[in-house]
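Asks: I'd like to go over a predicted model; first the sequence, then the structure.
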Amino acid sequence: MITALGFDPIWFGVICVVMMEAGQITPPIGVNVFAISTSSGVPMYTVFRGIFPFFLCMMLLVVLLLFFPGMATWLPSVLF
């Protein structure tokens, strides 16, 4: 379906993985944050403040991949 729409499947896979990673650390799901907070005893508010810069970097990566899709396919094209 993705190739029928004209998108590169590798690019789409990279976007999906990055977005799923972002979903694992942000509310309302935030599974990784709940696990870190529970296992370390650190309040969830503190953990969410700590992951905020990483979330911003992931969103910047998504924007870069949207404007420069060749970034997602460059390394596989070099290797194969």
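Replies: That came in fine, so what should we check first?
Asks: And the helix or strand of the chain with the lowest mean pLDDT, what does it pack against?
Replies: Every helix and strand in the chain was compared by mean pLDDT, DSSP states H and E; the lowest is helix 70-79, with a mean of 87. Where contact means 3 or more C-beta pairs under 8 Å, 6 or more residues apart in numbering; DSSP states H and E, helix 70-79 is packed against helix 9-25, helix 44-67. Where C-beta positions appear, they are placed from N, C-alpha and C, glycine not excepted.
Asks: how about a cut-off of 6 Å?
Replies: Secondary-structure packing of helix 70-79 (3 or more C-beta pairs under 6 Å, 6 or more residues apart in numbering; DSSP states H and E): helix 9-25.
Asks: So which bits of the helix or strand just after the helix it packs on are buried?
Replies: Going down the chain from helix 9-25, the next helix or strand is helix 31-40, by DSSP states H and E. By 16 or more other C-beta atoms under 10 Å, the buried positions in helix 31-40 come out as Val33, Ile36, Ser37.
Asks: Let me know the average pLDDT across helix 31-40.
Replies: Helix 31-40 shows a mean pLDDT of 92.
Asks: what do you get for stretch 49-60?
Replies: 95.
Asks: Go through it and flag the buried ones.
Replies: Under 16+ other C-beta under 10 Å, the buried positions of stretch 49-60 are Ile51, Met58.
Asks: what do you get for stretch 21-28?
Replies: Ala22, Ile25, Thr26.
Asks: can you check stretch 69-80 too?
Replies: Pro69, Ala72.
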